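J.: build me a model:
(2 chains)
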Amino acid sequence: MKTVCYLAHCLLNANAKVDEGARCAGVYSPVLALLRDHGCTIRQMPCPELAFGGTQRFWAVREQYDTPVYRAHCRRLAEPVAAQIRADLAAGARVIIVGIDGSPSMGVELTAASEEWGGRPDKPRDEDYPVTLGTGVFTETLLDQLSGVVLDVRTVGIGQDLFDYDEASELATLDAVLKNGSVSDAR
Amino acid sequence: MRGDGRSRRVVVVPDVVVNPPPGARDRLGELALGGWGVVALPPPGLPADISHPLVAAAVDQVVAFLDGGYQVALLPAADDPGMRRFVTALAASGRTVADLA
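T.: This is a model prediction of the structure:
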């Protein structure tokens, strides 16, 4: 069965990350190599934050992006992605969405959220970045648009935006999902 | 957070670079080794109501990179419909980018 992986934009282009948020210069090669090893078809999703906030934005929490205008922006970006995913499923492909855990937009299992946290000026340290269970705004929007087929789509988050990011563990999780297992197989 | 690891170099590529046919040259791997990030265009054959908004999103992102002072290049692919549409739409926004040397 053909496997189509829809990647968060920054996994192929770390230049879309916030200032000081990139874990590599450009393409995140470990994920690319893993997907290639599994013979996956790769699709790159748009980065919702880049065109909205530009390249000089700082890291933020979900509450800072959870506005009507940003949600409308996410819906506009997610619509063609959802249509493409539906077409892949209809063609018999297995679809996996690979997001970024810890991201306020692209988080899958973990996002950054706080009613109080406001960004860099007074909260400069990694340890303060308030990660919690939940999806990011774009991921939530995309999954909403996949109603009726969402249970046919696997989702997995690579924890690049987590302070305690463990590359080997994250790659093992993705590998387990690619092998048709579940995230819990690898955690 | 960490130091800024971004290369500030981005190349727009057709789908065939991200999903090369078996035995083809691995251009994406080469770009990765060179520190480039990529903006991948949609695959050929998609209906217009899917491909056009995806190309428009790619244009918006490239404009953000250009406005941020990043180096942006194109991997030439004159036979790729997504790339043709991208070049036209980018020009309509008043921007151009050079081919990757």
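J.: any regions of chain B where pLDDT drops low?
T.: Across chain B, the ranges flagged by pLDDT under 70 are B:1-3.
J.: mind doing that once more with 90?
T.: Along chain B, segments meeting pLDDT under 90 span B:1-5, B:76-78, B:101.
J.: show me where it has its strands.
T.: B:9-13, B:37-40, B:71-74, B:98-99 (DSSP state E).
J.: does A:G92 count as helix, strand or coil?
T.: At A:G92 the chain is in coil, as set by DSSP: H, G, I helix; E, B strand; the rest coil.
J.: what's A:T155 in contact with, if anything?
T.: A:T155 sits next to A:I96, A:I97, A:V98, A:G99, A:V108, A:T139, A:L143 when contact means C-beta atoms under 8 Å, 6 or more residues apart in numbering or on different chains. The way it works is simple: take the backbone N, C-alpha and C, and place the C-beta from them, glycine included.
J.: can you rerun that using 7 Å?
T.: By C-beta atoms under 7 Å, 6 or more residues apart in numbering or on different chains, the contact set of A:T155 is A:I97, A:G99, A:V108.
J.: who does it bridge with?
T.: A:I97 (DSSP bridges).
J.: what's the pLDDT at it?
T.: For A:T155, the model assigns a pLDDT of 96.
J.: from chain B, how far out is it?
T.: 20 Å (C-beta to the nearest C-beta, to the nearest Å).
J.: thinking again about what came up before, to A:A83, which of the strands of chain B lies closest?
T.: Taking C-beta to C-beta, strand B:37-40 is the member of those nearest to A:A83, at 17.1 Å.
J.: may I have the phi/psi pair for the nearest residue to A:C47 once chain neighbours are set aside?
T.: Leaving aside its sequence neighbours, A:C47 sits nearest to A:H9 (C-beta to C-beta, 6 or more residues apart in numbering or on different chains; 3.7 Å). Backbone dihedrals for A:H9, given as degrees, to the nearest 10, come out at phi -50, psi -40.
J.: and A:H9, how far from A:L89?
T.: Counting by C-beta to C-beta, to the nearest Å, the separation of A:H9 from A:L89 is 21 Å.
J.: between those two, who's got more neighbours?
T.: A:H9 (29 against 16; other C-beta atoms under 10 Å in any protein chain shown).
J.: that one: what's it in contact with?
T.: A:A16, A:Q44, A:M45, A:P46, A:C47.
J.: please, where are all the helices along the chain?
T.: You didn't pick a chain, so chain A it is. Listed in chain order, the helices of chain A (DSSP state H) span A:29-37, A:48-53, A:62-65, A:68-90, A:137-144, A:167-178, A:183-186.
J.: wait, chain B
T.: Under DSSP H, chain B gives helices at B:15-18, B:27-33, B:48-67, B:81-92.
J.: looking at those helices, which is nearest to A:T67?
T.: helix B:48-67 (18.1 Å).
J.: near chain B, anything from stretch A:161-173?
T.: No. Using C-beta under 7 Å from any C-beta of the partner chain, stretch A:161-173 stays clear of chain B, coming no nearer than 9.0 Å.
J.: now the end-to-end length of that stretch.
T.: One end of stretch A:161-173 to the other measures 16 Å (C-alpha to C-alpha, to the nearest Å).
J.: pull out the buried positions in it.
T.: A:D161, A:L162, A:E170, A:L171, A:T173 (16 or more other C-beta atoms under 10 Å in any protein chain shown).
J.: what is the burial count for residue 53?
T.: Since you didn't name a chain, this refers to chain A. By other C-beta under 10 Å, neighbour count at A:G53 equals 18.
J.: was after chain B, sorry
T.: Residues near B:P53, counting by other C-beta under 10 Å: 18.
J.: got it, and A:D88?
T.: By other C-beta under 10 Å, neighbour count at A:D88 equals 20.
J.: got a list of what it touches?
T.: Contacts of A:D88 (C-beta under 7 Å, 6+ apart): A:V4, A:V95.
J.: that older thread, please identify which of the contacts of A:T155 is nearest to A:G26.
T.: A:G99 (19.0 Å).
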